[in-house]
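In: Curious how this folds, go ahead:
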Amino acid sequence: YVTSMSSSGARGVRREYGRTYVVRPKGRHLATIVWLHGIGDNGNSWSQVLGNLPLDNVKWICPTAPTRPVAAFGGFPCTAWFDVEETSVDGPDDVQGLDASAAHIANLLSSEPSDVRLGIGGFSMGAATALHSAACYAHGRFSNGVAYPITLSAIIGLSGWLPCSRALRTKIESSQTAFRRAAALPIMLGHGRGDEVVTYRNGERSAEFLRNSGFSYLNFKAYNGY
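Out: Got it, this is the predicted structure:
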């Protein structure tokens with residue numbers, strides 16, 4: 001089924017989100033994963049794909065990002081989880097936009113049953129947003145200091161990159177709790193060697209940044225093509 005909603009985000013900036021598509025589990029509900037589309041896409045396309053996977057115990061929530069001007073496209077508006085100039089670990093970061101989307105995702109997961117494991121995954125910009133959520137969870141706070149409200153059990157990122165990489169290690173080393181959370185969080189990253197949008201090297205460097213910051217439970221898979 002589909003829903004439409006808005007969220008105040010982590011800084012109180014109200015953004016209108018598009019439709020959220022939900023794929024119900026075919027079997028016993030053991031896990032819920034929010035899956036985030038790439039730039040210019042919507043939740044519907046991924047809900048069709050995920051609904052055909054042989055994962056009968058997983059509920060998929062596929063939201064649609066707000067439409068906003070994107071610097072990488074000369075300010076042209078499209079669906080995007082945050083503003084971006086370049087898809088690189090070295091690029092400038094729209095921290096406010098990242099926090100707002102991470103807060104929206106956490107809100108989507110906050111009403112799930114207490115015995116269900118929670119995860120976040122995504123493709124390209126969606127993967128970047130999932131990794132920002134992982135950092136917020138481990139640190140226990142969004143970048144603006146607001147408490148992160150849920151417990152994550154898994155992160156999946158395909159063809160993405162790590163935003164806010166320069167501040168990550170300091171955040172994780174800020175407390176033993178943050179370090180323990182980072183070390184215990186399973187992260188699966190996959191990247192095509194021929195990716196021309198988010199280069200393979202950026203995916204590889206993102207994995208290196210994460211491991212060096214304490215996310216040791218990380219699996220990076222390379223594959224041919226895009």
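In: which strand of the protein spans the most residues?
Out: In the chain, assigned by DSSP state E, the strand with the most residues is strand 15-23.
In: So for that strand, what gets flagged as buried?
Out: For strand 15-23, burial by neighbour count (16 or more other CB atoms under 10 Å) applies to Arg15, Tyr17, Gly18, Arg19, Thr20, Tyr21, Val22, Val23. C-betas here are computed from N, CA, C, even on glycine.
In: So which residues of this structure form strands?
Out: Under DSSP E, the chain gives strands at 2-7, 15-23, 31-36, 58-62, 67-70, 76-79, 117-123, 154-158, 187-192, 218-223.
In: Which among those strands is found nearest to Ala135?
Out: strand 154-158 (9.9 Å; CB to CB).
In: contacting residues around that closest one?
Out: Identification of contacts with strand 154-158 by CB atoms under 8 Å, 6 or more residues apart in numbering yields 31, 33, 117, 119-124, 127-128, 130-131, 133-134, 185-191, 206.
In: Give me the buried subset of these.
Out: Using 16+ other CB under 10 Å as the burial test, the contacts of strand 154-158 include 31, 33, 119-124, 127-128, 130-131, 133-134, 185, 187-191, 206 as buried.
In: you'd agree Pro25 is up against Ile61?
Out: No - the criterion here is CB atoms under 8 Å, and Pro25 misses it with Ile61 at 11.5 Å.
In: And these two? Which one has more around it.
Out: Ile61 (22 against 16; other CB atoms under 10 Å).
In: Give me the nearest residue to that one, chain neighbours excluded.
Out: The shortest distance from Ile61 to any non-neighbouring residue, by CB to CB, 6 or more residues apart in numbering, is to Val34 (4.7 Å).
In: Surely the one you found touches Ile105?
Out: Yes - shown here, Val34 and Ile105 form a contact pair, counting by CB under 8 Å, at 5.1 Å.
In: shared neighbours of those two, which are they?
Out: What both Val34 and Ile105 touch, as defined by CB under 8 Å, 6+ apart, is the set Pro63, Ile120.
In: Next up, the contacts around the closest residue to Arg28 other than its chain neighbours.
Out: In space, and not counting its chain neighbours, Arg28 is closest to Asn57: 5.6 Å by CB to CB, 6+ apart. Contacts for Asn57 (CB under 8 Å, 6+ apart) come out as Pro25, Gly27, Arg28, His29, Leu30, Ala31.
In: if you set the cut-off to 6 Å instead, what comes out?
Out: Contacts for Asn57 (CB atoms under 6 Å, 6 or more residues apart in numbering) come out as Pro25, Gly27, Arg28, Leu30.
In: cool, and Cys136?
Out: The neighbourhood of Cys136, defined by CB under 6 Å, 6+ apart, consists of Ala102, Phe142, Tyr148.
In: what's the closest non-adjacent residue to it?
Out: Nearest non-adjacent residue to Cys136, counting by CB to CB, 6+ apart: Tyr148, 4.6 Å away.
In: ok, now Arg169?
Out: Nearest non-adjacent residue to Arg169 (CB to CB, 6+ apart): Ser213, at 4.3 Å.
In: And the contacts of stretch 71-91?
Out: Here stretch 71-91 has contacts from 39-40, 65, 67-70, 92, 94, 97-98, 101, 125, 129, 161-162, 165, 198, 202, 205-206, using CB under 6 Å, 6+ apart.
In: One more: stretch 186-197?
Out: Outside stretch 186-197, the residues touching it (CB under 6 Å, 6+ apart) are 154-159, 200, 203, 207, 215, 217-226.
In: What's the PyMOL line that selects buried ones from these?
Out: Buried members of the contacts of stretch 186-197, identified by 16+ other CB under 10 Å, are gathered into one PyMOL selection as follows:
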select buried, resi 154+155+156+157+158+159+200+203+207+215+217+218+220
